[in-house]
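> Can you look at this prediction? I've put the sequence above it.
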Amino acid sequence: DKHGVPEECIVLGNGSTEILQMGVQACMNPQLRLVSPTPTYEDVFEYTEPHPWVDVRGVPLLPDFSHDLSGMEEATRNSPDPVLVYVCNPNNPTGSLTPVADVVSWIERAGDHVHFLVDEAYFEFVDDPGYYSLDRMATENPNVVVARTFSKVYGMAGMRLGYAVTHPDTARLLRSFACGPNANHLALVAGLAALQDPDWVDFSVSRNLESRRMAYAVLEELGLEYIPSHTNFVMHRISGDLRQYIERMSDAGIRVGRPFPPMLEYNRCSFGLAEEMERFAETLRDFRRRGWV
Ligand code: PLP
């Protein structure tokens with residue numbers, strides 16, 4: 001609570017994916033509409049799949065890869081029933097930002113039936129001066145849930161610990177969809193230790209920056225266009241067949257990202273340590289020599 005968010009506004013999750021799941025379940029209704037950018041992190045779409053009646057509206061990203069907030073707002077119109085809006089900022093898989101101030105003004109004018117699930121999984125990696133968390137707003141607005149995670153900057157993906165920040169009433173509602181004591185003891189101990197080690201975030205962010213620069217350097221060297229990233233991965237052009245590229249990378253011992261239709265001319269590469277990025281760079285140069293990218 002050192003950031004001033006009261007305990008009653010926090011909901012723990014088995015990773016932030018459980019928060020996304022609770023967010024979908026808490027809004028579930030025979031008339032539910034889901035409005036989401038596309039492409040984005042698929043989990044929210046997937047949690048609606050057991051409820052095939054949900055009216056899912058994916059709104060393509062803008063040419064600068066930010067969310068098309070006007071298009072999304074338009075897609076929430078003409079519904080007296082609940083609408084769930086997923087905002088992923090920065091966005092996975094593009095690593096791009098959507099102006100927070102524009103999200104805030106939309107939330108402020110949105111009707112009571114519009115619920116916002118704001119995914120800030122990559123929050124710590126962003127260094128844009130206009131970017132900030134919607135956590136404060138979420139504690140005061142029952143229609144806003146912010147999802148955060150220990151999986152990214154803290155490197156604790158396998159421990160499965162995430163949390164929501166939201167209004168106490170919404171927090172109670174979300175918890176009712178949780179799997180009982182969903183955060184295991186080991187993850188909680190590790191999470192507390194992580195919060196008590198502020199140097200770790202700086203260390204992790206600076207390592208990530210170094211790896212990001214290495215990825216940019218090889219992509220620029222090979223003339224493969226990329227989307228400037230605010231996360232720990234980069235989406236870049238591959239000039240070739242995506243499935244084949246993924247398979248060839250895998251044969252070279254490197255697991256790169258899955259396809260994110262309709263962006264099939266791009267691949268997402270997650271950053272590793274400097275030596276791993278060096279290997280990625282060498283592999284990509286080798287692919288170029290073979291005419292594969
Ligand atoms: N949200 C986004 C945007 C992600 O990219 C991910 C993981 O890739 C998650 C949520 C889920 O992470 P976790 O459940 O490990 O917290």
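Perfect, thanks for sending it. Numbering: from 1, shown residues only.

> what are the ranges of the helices in the stretch 101-250 of the chain?
135-140, 168-175, 185-195, 198-221, 242-251 (DSSP state H, counting those that start in this stretch).

> so which of these is the most packed in?
Ranked by mean neighbour count, these are led by helix 135-140 with a mean of 19 (mean count of other CB atoms under 10 Å). In this view, the C-beta of every residue, glycine as well, is placed from N, C-alpha and C.

> Let's have the helices of the stretch 101-250 of the chain in JSON lines, adding distance to the ligand and mean pLDDT.
Listed next are those as JSON lines, based on distance: least, CB to the nearest ligand atom, whole Å; pLDDT from 0 to 100:
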{"stretch": "helix 135-140", "distance to the ligand": "15", "mean pLDDT": "97"}
{"stretch": "helix 168-175", "distance to the ligand": "15", "mean pLDDT": "98"}
{"stretch": "helix 185-195", "distance to the ligand": "11", "mean pLDDT": "96"}
{"stretch": "helix 198-221", "distance to the ligand": "14", "mean pLDDT": "97"}
{"stretch": "helix 242-251", "distance to the ligand": "17", "mean pLDDT": "98"}
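
> Name the residues of the protein found near the ligand, please.
Residues of the chain found near the ligand (CB under 6 Å from any ligand atom) are 15-17, 41, 88, 92, 119, 121, 149, 151, 157, 162.

> which one of those is nearest residue 226?
residue 92 (15.1 Å; CB to CB).

> Relative to residue 61, how far out is that closest one?
According to CB to CB, to the nearest Å, residue 92 stands 12 Å off from residue 61.

> what's the distance between whatever residue of the chain ends up closest to the ligand and residue 82?
Using CB to the nearest ligand atom, the single residue of the chain nearest to the ligand is residue 15, 2.6 Å away. Remark: distance between residue 15 and residue 82 (CB to CB) = 25 Å.
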